[in-house]
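Participant: This is the structure alone, sequence omitted:
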């Protein structure tokens, strides 16, 4: 019988394995317009932490006692939908489980770029789009800009580093620990700051003696404050994530936020869903970059549905290099 | 002999009268292209607090032992500059003193709008321009928007309230104490929050049950955090001043800053100098508004050069309603 992860209880602060429960689910017979999908790859993403809370946001909360969901890649094993055949690979939102019944209109057949299917949960999927539109649209980054990106060894951050280099920018990345810093360097960052080795403010001031034009924020907190401190006039910040705040009960403190005024800084929060209508623009640049090696993809893969909460919790402990995925 | 206020010492935290010294200054004979001006009105503004620190910013620091400067309106009493006659009223930047020698190219003859000259230090000057371009350009506010403005009884804030009403917006203003709140109501605000009477967050949530589209920030701190909390999707914040932070040694804390992402909030810091090339656009709307009473000007006037530090320090104690001016 298919199994799915359910939200057992809501966390206060950092979630634990006790908040999750793996239970059998009964799937209905297929109705017209539906496909049955055997999942192959499941995505865990920091934004899911917000869905564990009981607050209104841009995606619905998970409900206690109910199955969770999220991004997934699977193979169609039964179809009552026109244009879908058993064997088709599809991307859909019924993750956190091994099998799903999905309306075909919200399943997307993977484009034929000759890329491994799991890349559509990463560099060729929402992760890559987040990096692409956040950098080029929300932050209006352009050739010649000095770009600072936090969590640069992470899924989105490592994509930002590579897109920025492909577009002729100077890139400073931050990551925690020598191994991750080496990875960030290996994908082309001009400078790398190990935030575990010292103050991020001092590190950034040394790496960017003339300041930064763009900050791509994945973490909030001290990184954001350091970016306020060193921003050049008319700097643009794309605010993509504040992972430091997701499990924190304390507010974030900023010493340098008044520099927003003197340096005419612009901050823009964005949600990738708003850019879905521009997906072909993204594919048009990213698919060739991936095919010709300009942009490389790196995944941290956890095996087995049983280990999915582990994989998810690992995101907040910095356990992933590149995109964190669960392989079934 | 002319006298000028000098910076005697740099303050740490809130300045005191001991940081200022009034001393005679010797003025040179006029050179070609210069005018001698007898000052009539002097401006004190919150941004001058930043100039008392020894840090690089968008205007040069005051230097210890040297005369201070700032906005002023005066009468030409001697001229070696073409086009300037004794009796002309001019606006210039040699304030904090009773008499000045000024290059005519940086003195501006007051436009003939039939308005009292002191308004060119307020609603028809930098103060009014700050409100106008901050609201309409930095925050892209438009008819129908729900606009929240902090320090709404202050010089810039009271101008924002009236411009927003003239442009068909709904306006919520905050001010400290019953008298100021009554003033904010009298100039047209739809709702007024007395931040001294309770939590600004609760007050704003009650005043804006459906959220806000625009926040015009003059104070930072809890006001800004409350605005994060209630911002609607795609809200725009114009960051004009953070008076709460100017004398503080502690960083500002924000509980709701992660809402930047979910609500796709945009923050834009701005400096009014950047808008000086668009002054005629401002005059074109504001001069008729002032003439026909759509926008009213209110000043808090302190008499005498001797009392100028008092007037300046009063800005940080909330002693002004409308624009704070010193009359000589």
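Facilitator: In hand now; what should we look at? Note that the coordinates shown come from a computational prediction; the quantities given were computed from them, not determined experimentally.

Participant: lowest average confidence, helix or strand, in chain A?
Facilitator: helix A:243-246 (a mean of 75; mean pLDDT, DSSP states H and E).

Participant: What lies in contact with it?
Facilitator: Residues outside helix A:243-246 that contact it (C-beta atoms under 8 Å, 6 or more residues apart in numbering or on different chains) are A:46, A:49-50, A:151, A:218-223, A:252, A:315-316, B:257-258. Where you see a C-beta, it was placed from the backbone N, CA and C, and this is true even at glycine.

Participant: Apply 10 Å and report the result again.
Facilitator: For helix A:243-246, contacts defined as C-beta atoms under 10 Å, 6 or more residues apart in numbering or on different chains pick out A:13-15, A:46-50, A:52-53, A:150-151, A:154, A:217-224, A:251-252, A:315-316, A:318, B:254-258, B:261.

Participant: who touches residue A:250 in this structure?
Facilitator: B:253, B:255.

Participant: hang on, residue A:237 is in a strand, isn't it?
Facilitator: Yes: using DSSP: H, G, I helix; E, B strand; the rest coil, the secondary structure at residue A:237 is a strand.

Participant: on that earlier part again, show only the entries of the contacts of helix A:243-246 found in helices.
Facilitator: In this view, the contacts of helix A:243-246 that belong to helices under DSSP state H are A:48, A:49, A:50, A:221, A:222, A:223, A:224, A:315, B:261.

Participant: Pick out whichever of those sits closest to residue A:96.
Facilitator: Of all those, residue A:96 sits closest to residue A:48, with 8.8 Å by C-beta to C-beta.

Participant: Give the full set of residues in contact with that closest one.
Facilitator: A:15, A:59, A:62, A:68, A:69, A:70, A:71, A:95, A:96, A:246, A:312, A:315.

Participant: let's see 6 Å
Facilitator: residue A:70 (C-beta atoms under 6 Å, 6 or more residues apart in numbering or on different chains).

Participant: same question, residue A:165
Facilitator: With C-beta under 6 Å, 6+ apart, residue A:165 has these contacts: A:171, A:188.

Participant: that older thread, could you export the ones in helices among the contacts of helix A:243-246 as a markdown table, including pLDDT?
Facilitator: Shown next, in a markdown table, are the ones in helices among the contacts of helix A:243-246 (pLDDT from 0 to 100):
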| residue | pLDDT |
| --- | --- |
| A:48 | 94 |
| A:49 | 93 |
| A:50 | 89 |
| A:221 | 94 |
| A:222 | 95 |
| A:223 | 97 |
| A:224 | 97 |
| A:315 | 94 |
| B:261 | 94 |
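
Participant: Which of the three states applies to residue A:214?
Facilitator: strand.

Participant: Count the neighbours of it for me.
Facilitator: 27 (other C-beta atoms under 10 Å in any protein chain shown).

Participant: How about residue A:65?
Facilitator: Counted with other C-beta under 10 Å, residues neighbouring residue A:65 total 11.

Participant: Look up how far chain B lies from the closest residue to residue A:24 other than its chain neighbours.
Facilitator: Once flanking residues are discounted, residue A:24 sits nearest to residue A:1: 4.4 Å by C-beta to C-beta, 6 or more residues apart in numbering or on different chains. To chain B, residue A:1 is 36 Å away according to C-beta to the nearest C-beta, to the nearest Å.

Participant: Name the residues of the least confident helix or strand of chain A that are buried.
Facilitator: A:243, A:244, A:245, A:246 (16 or more other C-beta atoms under 10 Å in any protein chain shown).

Participant: which of the residues in stretch A:162-179 are buried?
Facilitator: For stretch A:162-179, burial by neighbour count (16+ other C-beta under 10 Å) applies to A:162-165, A:167, A:169-176.

Participant: Redo those as CSV? Include pLDDT and secondary structure.
Facilitator: Formatted as CSV, the buried residues of stretch A:162-179 follow (pLDDT from 0 to 100; DSSP: H, G, I helix; E, B strand; the rest coil):
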residue, pLDDT, secondary structure
A:162, 98, helix
A:163, 98, helix
A:164, 98, helix
A:165, 98, helix
A:167, 98, coil
A:169, 98, coil
A:170, 98, strand
A:171, 98, strand
A:172, 98, strand
A:173, 98, strand
A:174, 98, strand
A:175, 97, strand
A:176, 95, coil
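
Participant: And these, which two are furthest apart?
Facilitator: Of all pairs in those, the most separated under C-beta to C-beta is A:167 and A:176 at 25.9 Å.

Participant: how is chain A carved up into domains?
Facilitator: A:3-122+A:297-327, A:126-273 (automatic domain parsing).

Participant: can you give me the end-to-end distance of the last one?
Facilitator: Same thing as domain A:126-273. With C-alpha to C-alpha, to the nearest Å applied, domain A:126-273 spans 9 Å between its terminal residues.

Participant: Which positions in chain A make contact with chain B?
Facilitator: Applying C-beta under 6 Å from any C-beta of the partner chain, we find that chain A lies next to chain B at A:57-58, A:239, A:242, A:245, A:251-255, A:257-258, A:260-262, A:264-271.

Participant: How about residue A:221: what's its closest non-neighbour residue?
Facilitator: Nearest to residue A:221 is residue A:244, by C-beta to C-beta, 6+ apart, at 3.9 Å.

Participant: returning to that earlier point: from the contacts of helix A:243-246, which would you call buried?
Facilitator: Here, 16+ other C-beta under 10 Å leaves A:15, A:46-50, A:52, A:150-151, A:154, A:217-224, A:252, A:315, A:318, B:254-258, B:261 buried among these.

Participant: coming back round to it: okay, the domains of chain A, which one's buried deepest?
Facilitator: Stretch with highest mean neighbour count among the domains of chain A: domain A:126-273 (a mean of 22; mean count of other C-beta atoms under 10 Å in any protein chain shown).

Participant: got the phi/psi numbers for residue A:111?
Facilitator: Dihedral angles of residue A:111 (phi, psi; degrees, to the nearest 10) stand at phi -60, psi 150.

Participant: So the closest residue to it other than its chain neighbours, which state does it fall into?
Facilitator: In this structure, residue A:111 finds its nearest non-sequential neighbour in residue A:283, 6.6 Å apart by C-beta to C-beta, 6+ apart. State at residue A:283, reduced to three classes by three-state DSSP: helix.
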